[in-house]
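*Asks:* sharing a model prediction with you, sequence too.
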Amino acid sequence: MVKRQSIGLSDTGIIRSVNQDSHYLDPQGRFFIVADGMGGHAGGQEASEMAIKTIRSYFEEHWDSEQPSKILITQAVNYANESILEDQHLNPEREEMGTTVVMVLFRSDGNWRGHVGDSRLYRFRDSQLEQMTSDHTWVAKAVQRGDITEDQVKDHPWRHVLFQCLGRKDLRLIDVEPLEVLPGDLLLLCSDGLTEEVSDPAINQFLTQSTSYKTLASTLIEAAKEAGGSDNITVVLIEES
């Protein structure tokens, strides 16, 4: 029988005064979500909280339905987007708010991942870290086209420019794919407050050296803060055993 353990931690970081990240760990271990809000004091925190609340409610209400997980995730994200758009309409001061979202589901029709934006999902297996999501950013697209190199991304002035996020009327791309998870795998969901400060090789090293997923979560957050902590940092770890 599969045993699933998890932990989620979030930190404001060194520079920001408000934490606009939100996360949720289902107590039954069925699904896990991270959202990274944007819009500063004018709505970032509200946007991420709305996304988590709406997606969570939709999952809980339809979990035992015959709805395929790919449709379940897509519908939940669309409803979350509509909730944010409605709030923008009612509160014009929050019209620029938005949020990313990344999630993992463990359901009867398999394991699934879904995301919009640049919050990421990684899988750590056999001492190797693999990014399972592709950032919905201008620079990620530019790398795919060959316009810039991976080495140029870190310092590129447009590296934070998203072409997809919740809180926009033109939301079209919701990435939903099956996810293979084997006993011994460790999954990492995180906001870009971690990945902006700590490189993938460094994350891989932390995961390789760690003996406990519980201490690892706080270790990763502290590493991001020591490297500058310029943004909010959220880490969710899921251990399959």
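*Replies:* Thanks, I have it.
*Asks:* give the rounded mean pLDDT of the helix ranked longest in the chain.
*Replies:* When the chain is parsed with DSSP state H, its longest helix is helix 69-90. The average pLDDT for helix 69-90 rounds to 97.
*Asks:* who are the packing partners of it?
*Replies:* Applying 3 or more Cβ pairs under 8 Å, 6 or more residues apart in numbering; DSSP states H and E, we find helix 69-90 packed against helix 44-62, strand 98-107, strand 110-116, strand 175-178. To be clear about C-beta, it is placed using only N, CA and C from the backbone, and glycine gets the same treatment.
*Asks:* show me where the protein has strands.
*Replies:* In the chain, the strands defined using DSSP state E lie at 4-11, 21-25, 31-38, 98-107, 110-116, 120-125, 128-131, 175-178, 186-190, 233-240.
*Asks:* check contacts around the closest residue to residue 63 other than its chain neighbours.
*Replies:* Nearest non-adjacent residue to residue 63, counting by Cβ to Cβ, 6 or more residues apart in numbering: residue 30, 6.8 Å away. Residues near residue 30 by Cβ atoms under 8 Å, 6 or more residues apart in numbering: 59, 63, 105, 106, 107.
*Asks:* contacts only, for the fourth one.
*Replies:* By Cβ under 8 Å, 6+ apart, residue 106 lies in contact with 4, 29, 30, 31, 181.
*Asks:* isn't the second one right next to residue 3, touching?
*Replies:* No - at 9.1 Å, residue 29 does not count as touching residue 3 under the criterion of Cβ atoms under 8 Å.
*Asks:* which one of those two has more residues nearby?
*Replies:* In this view residue 29 and residue 3 are compared by other Cβ atoms under 10 Å, and residue 29 has more residues nearby, 15 against 9.
*Asks:* count the residues that sit near the residue lying closest to that one once chain neighbours are set aside.
*Replies:* Distances taken as Cβ to Cβ, 6+ apart put residue 4 closest to residue 29, at 4.3 Å, once the chain neighbours are dropped. By the criterion of other Cβ under 10 Å, residue 4 has 15 neighbours.
*Asks:* gap between residue 4 and residue 167?
*Replies:* 31 Å (Cβ to Cβ, to the nearest Å).
*Asks:* and what of residue 49?
*Replies:* Noted for residue 49: a distance of 12 Å to residue 167, by Cβ to Cβ.
*Asks:* more neighbours: these two, which one.
*Replies:* Neighbour totals were compared for residue 49 and residue 167, and residue 167 leads with 28 against 17 (other Cβ under 10 Å).
*Asks:* list the contacts for the more buried one?
*Replies:* The neighbours of residue 167, taking Cβ under 8 Å, 6+ apart as the test, are 39, 47, 81, 84, 85, 88, 97, 98, 99.
*Asks:* show me the shaky parts of the chain.
*Replies:* Counting by pLDDT under 70, the chain contains low-confidence ranges at 1-2, 40-41, 138-161.
*Asks:* follow-up on the earlier one: which parts of the longest helix of the chain are buried?
*Replies:* By neighbour count with 16 or more other Cβ atoms under 10 Å, helix 69-90 contains the buried residues 69-70, 72-77, 80-81, 83-85, 87-88.
*Asks:* CA atoms only: put it into PDB for me.
*Replies:* This file holds the C-alpha atoms of helix 69-90, laid out as PDB (Å, rounded to 0.1, in the frame of the first residue of the first chain):
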ATOM      1  CA  SER A  69      -9.000  14.200 -13.900                       C
ATOM      2  CA  LYS A  70      -7.800  16.200 -16.900                       C
ATOM      3  CA  ILE A  71     -11.300  17.800 -17.200                       C
ATOM      4  CA  LEU A  72     -11.500  18.100 -13.400                       C
ATOM      5  CA  ILE A  73      -8.300  20.200 -13.300                       C
ATOM      6  CA  THR A  74      -9.200  22.300 -16.300                       C
ATOM      7  CA  GLN A  75     -12.700  23.100 -15.000                       C
ATOM      8  CA  ALA A  76     -11.300  23.900 -11.500                       C
ATOM      9  CA  VAL A  77      -8.700  26.400 -12.900                       C
ATOM     10  CA  ASN A  78     -11.300  28.000 -15.200                       C
ATOM     11  CA  TYR A  79     -13.700  28.500 -12.300                       C
ATOM     12  CA  ALA A  80     -10.800  30.000 -10.200                       C
ATOM     13  CA  ASN A  81     -10.000  32.400 -13.100                       C
ATOM     14  CA  GLU A  82     -13.700  33.500 -13.300                       C
ATOM     15  CA  SER A  83     -13.700  34.100  -9.500                       C
ATOM     16  CA  ILE A  84     -10.700  36.400  -9.800                       C
ATOM     17  CA  LEU A  85     -12.100  38.200 -12.800                       C
ATOM     18  CA  GLU A  86     -15.400  38.800 -10.900                       C
ATOM     19  CA  ASP A  87     -13.500  40.200  -7.900                       C
ATOM     20  CA  GLN A  88     -11.600  42.500 -10.200                       C
ATOM     21  CA  HIS A  89     -14.900  43.800 -11.600                       C
ATOM     22  CA  LEU A  90     -16.300  44.400  -8.100                       C
END
